[in-house]
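Q: got a predicted model here, sequence first, then my questions.
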Protein chains: 2
Amino acid sequence: MQISAEFLRDIALHAARESLPRFRQSGEVHNKLSSGFDPVTEADRETERVIRRLINDRFPEHGILGEEHGGENLSSQHVWIIDPIDGTRAFISGLPTWGTLVGLTRDGDAIAGIMSQPFTRELYMADGKTALYEGPGDDRVLTTSNTVRLEDATLFTTSPALYENDQRQNFDRLESMVKLSRYGVDCYAFAMVAAGYADLVVEPDLQPYDIVALIPIIEQAGGVVTDWRGEPAEKGGTIVAAATAKLHEAALTVLQQ
Amino acid sequence: MQISAEFLRDIALHAARESLPRFRQSGEVHNKLSSGFDPVTEADRETERVIRRLINDRFPEHGILGEEHGGENLSSQHVWIIDPIDGTRAFISGLPTWGTLVGLTRDGDAIAGIMSQPFTRELYMADGKTALYEGPGDDRVLTTSNTVRLEDATLFTTSPALYENDQRQNFDRLESMVKLSRYGVDCYAFAMVAAGYADLVVEPDLQPYDIVALIPIIEQAGGVVTDWRGEPAEKGGTIVAAATAKLHEAALTVLQQ
């Protein structure tokens, strides 16, 4: 199944109308946790609402799973997975590195998706065949880099502090082997791999809605995304996304030691 | 001395003509270090060149100190301090969190400056009296937040791994006391404090060209910037920038333990 780029663009446009006017405004931030801090804003809730409405109107037989408003019709062959604001911490800190993630699965496999950043006016998308960029600079087909060796690779992760025990040791070893590592940019890092500017993203403890939309964007740009055991990434967990199959294998080898 | 906003805008405009066409292009990246990786690109060099030319034409009696092309006329009362691309690692990774920093000192005190991010079309500037934002959303006067307690504060740093020994322990303690911490965005973090979206930035081992431009932007927006001992920040070092004097004092107390 190929999803029209027009429908994906339409999702991004309607989502931006809810998210962008609330970005850098002093809206209320709610904490989802009784201990700790897991922020959610009206922007998350309203953005997901409008995306669900669009999908329900166009594909009433499809299921939907969203971070903020839960699941409906999840036994359908096609299920849309939504994170209305991936990077809510960036969002509430004024940083333009959050994104709206919407992915489509068929029988559990991610086949199409978008990552939209409306402040920078960037849209990264995969329609089932091709990964595309639309935004400042030329619109173009996305292609991952051809980096195959860890020592030539740029690595992203949100924070090394998110890894526990053995995973932390393995991550630290991986970090010591790459050319350059960067922290802190959530979904934006995966878009940079799809676009060929970075080579590797490792993220621990992702939920399906954090990653499903990004899988087809990276895969259809030529990259590889799995969990750290090499299993499909659609269920979340510790995720490894790489520009090439060789680089992906090299990273998994270090992470599995 | 007040510098016209027009001249500051002119610097940003000319700098963008050199930096932006080279962003996300496969330009050559040179390594400044024989061991380790300290990247510099043609974008750094050419952007600094055009900024120096503008300043030389307009203020031939002023001194200039730039990251890439060194110092000239440094005994002048007025000296401009330039980091053409602050966040070169972000730049070469495709992230829009780098910025062009140009600051003006009089007798060693930072009095005016810009942080320009041409991909997002954002300009943060201080003309000697007022800190201003021009870019997407409404142009406006910048004002820091009124956050005074660490437990209400959002903290930025590029990476905790950059702190050594005691400093690392003190930084970790500070991080454990704030509401939210974020890694990895170089000069952009300081702009977020000036704009009131974040409250606190701590960065170790900055050079003068990493911070001078940002001092007047934060100060003229109502914030406080010093080194970790409470001394003027113009000479660089470990820098603490805070939205309010009280928050700044609270952070210094933890960092000095």
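A: Nice, I can see it. Numbering: from 1, shown residues only, chains lettered A, B, ... in the order given.
Q: residue numbers of chain A in contact with chain B?
A: Within chain A, the residues that sit near chain B (Cβ under 8 Å from any Cβ of the partner chain) are A:24, A:37, A:39, A:89-90, A:92-97, A:119-120, A:136-137, A:154, A:156, A:158-161, A:179-180, A:182-185, A:188, A:192, A:195, A:197-198. Any C-beta I mention is one placed from the backbone N, CA and C, and that applies to glycine too.
Q: from those residues, which would you call buried?
A: Among the residues of chain A next to chain B, those classed as buried by 16 or more other Cβ atoms under 10 Å in any protein chain shown are A:24, A:39, A:89-90, A:92-97, A:119-120, A:136, A:154, A:156, A:158-160, A:179-180, A:182-185, A:188, A:192, A:195, A:197-198.
Q: tell me which of those fall in helices.
A: Among those, the residues falling in helices (DSSP state H) are A:89-90, A:92, A:188, A:192.
Q: farthest-separated two in the residues you listed?
A: A:Ile92 and A:Met192 (22.0 Å; Cβ to Cβ).
Q: burial of A:Glu6, as a residue count?
A: In terms of burial, A:Glu6 registers 8 neighbours under the definition other Cβ atoms under 10 Å in any protein chain shown.
Q: same thing with the one 4 residues further on?
A: Applying other Cβ under 10 Å, we find 13 other residues in the vicinity of A:Asp10.
Q: give me the spatial nearest neighbour of it, chain neighbours excluded.
A: A:Leu54 (6.6 Å; Cβ to Cβ, 6 or more residues apart in numbering or on different chains).
Q: give me the buried positions along the helix or strand hosting the one you found.
A: Using DSSP states H and E, A:Leu54 sits in helix A:42-58. Buried residues in helix A:42-58, counted by 16+ other Cβ under 10 Å: A:43-48, A:50-52, A:54-55.
Q: strands paired with the helix or strand that that helix is followed by, and their directions?
A: Per DSSP H and E, the first helix or strand lying C-terminal to helix A:42-58 is strand A:63-66. The pairing partners recorded for strand A:63-66 under DSSP bridges are strand A:70-72 (antiparallel), strand A:78-86 (parallel).
Q: so for strand A:63-66, what gets flagged as buried?
A: Neighbour count says strand A:63-66 has A:63-66 buried, by 16+ other Cβ under 10 Å.
Q: likewise stretch A:125-144?
A: A:125-128, A:131-136, A:142-144.
Q: and if you look at stretch A:105-118?
A: A:105, A:110-118.
Q: of these, which is the nearest to B:Ile211?
A: A:Gln117 (27.9 Å).
Q: hang on, the earlier thing: need the ones in helices among the buried ones among the residues of chain A next to chain B in TSV (columns: pLDDT).
A: TSV is the format used below for those (pLDDT from 0 to 100):
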residue	pLDDT
A:Arg89	89
A:Ala90	92
A:Ile92	90
A:Tyr188	95
A:Met192	97
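Q: before we move on, back to that, out of the buried residues of helix A:42-58, who's nearest chain B?
A: A:Ala43 (13.8 Å; Cβ to the nearest Cβ).
Q: now do the contacts for that closest one.
A: By Cβ atoms under 8 Å, 6 or more residues apart in numbering or on different chains, the contact set of A:Ala43 is A:18-19, A:22-23, A:27, A:84-85, A:91.
Q: identify the residue nearest it in space, chain neighbours excluded?
A: That would be A:Arg22: by Cβ to Cβ, 6+ apart, it lies 4.0 Å from A:Ala43.
Q: how about A:Ile81?
A: A:Val212 (4.0 Å).
Q: and that neighbour, how far from A:Leu132?
A: 18 Å (Cβ to Cβ, to the nearest Å).
Q: likewise for A:Glu151?
A: 31 Å.
Q: other SSEs contacting the helix or strand containing A:Val240?
A: Secondary structure assignment for A:Val240, by DSSP H and E: strand A:237-242. Applying 3 or more Cβ pairs under 8 Å, 6 or more residues apart in numbering or on different chains; DSSP states H and E, one finds that strand A:237-242 contacts helix A:186-194, strand A:200-206, strand A:224-227, helix A:245-255.
Q: now the helix holding A:Leu54: average pLDDT?
A: The average of the pLDDT scores along helix A:42-58 is 96.
Q: likewise stretch A:166-177?
A: 94.
Q: can you check stretch A:73-83 too?
A: On average, stretch A:73-83 scores 97.
Q: list of residues touching it?
A: A:1, A:48, A:51-52, A:55, A:59, A:61-67, A:100-107, A:110, A:187, A:207-210, A:212-213.
Q: buried set for that stretch?
A: A:76, A:78-83.
Q: over to stretch A:65-72?
A: Quick answer for stretch A:65-72 (16+ other Cβ under 10 Å): A:65-69.
Q: I'd like the residues you listed as CSV, with pLDDT appended.
A: Shown next, in CSV, are these (pLDDT from 0 to 100):
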residue, pLDDT
A:Leu65, 98
A:Gly66, 96
A:Glu67, 92
A:Glu68, 89
A:His69, 90
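Q: greatest separation within those: which pair is it?
A: Among the buried residues of stretch A:65-72, A:Leu65 and A:Glu68 lie farthest apart (Cβ to Cβ), at 10.8 Å.
Q: hmm, A:Ala153 and A:Val201 touching each other?
A: No: using Cβ atoms under 8 Å, A:Val201 is not in contact with A:Ala153; the gap is 10.5 Å.
Q: show me which of these two is the more surrounded one.
A: For A:Val201 versus A:Ala153, neighbours defined as other Cβ under 10 Å are more numerous around A:Val201 (31 against 24).
Q: for that one, give the beta-bridge partners.
A: With DSSP bridges as the rule, A:Val201 is bridged to A:Phe156, A:Ala241.
Q: kindly report the same for A:Glu122.
A: Bridge pairing for A:Glu122 - DSSP bridges - gives A:Gln117.
Q: just the helices and strands packed on strand A:237-242: most buried one?
A: Mean neighbour count (mean count of other Cβ atoms under 10 Å in any protein chain shown) peaks for helix A:186-194 among the helices and strands packed on strand A:237-242, with a mean of 29.
Q: how far out from the middle of the chain is it?
A: With Cα atoms, centre = their mean, to the nearest Å as the basis, helix A:186-194 stands 7 Å off its chain's centre.
Q: for stretch A:233-250, same thing?
A: 13 Å.
Q: also stretch A:11-30?
A: Per Cα atoms, centre = their mean, the centroid offset for stretch A:11-30 relative to its chain is 18 Å.
Q: in chain A, which helix or strand is least confident?
A: strand A:29-31 (a mean of 71; mean pLDDT, DSSP states H and E).
Q: buried set for the helix or strand containing A:Gln167?
A: Taking DSSP H and E as the definition, one finds A:Gln167 inside helix A:165-177. Using 16+ other Cβ under 10 Å as the test for burial, helix A:165-177 gives A:167, A:170-171, A:174-175, A:177.
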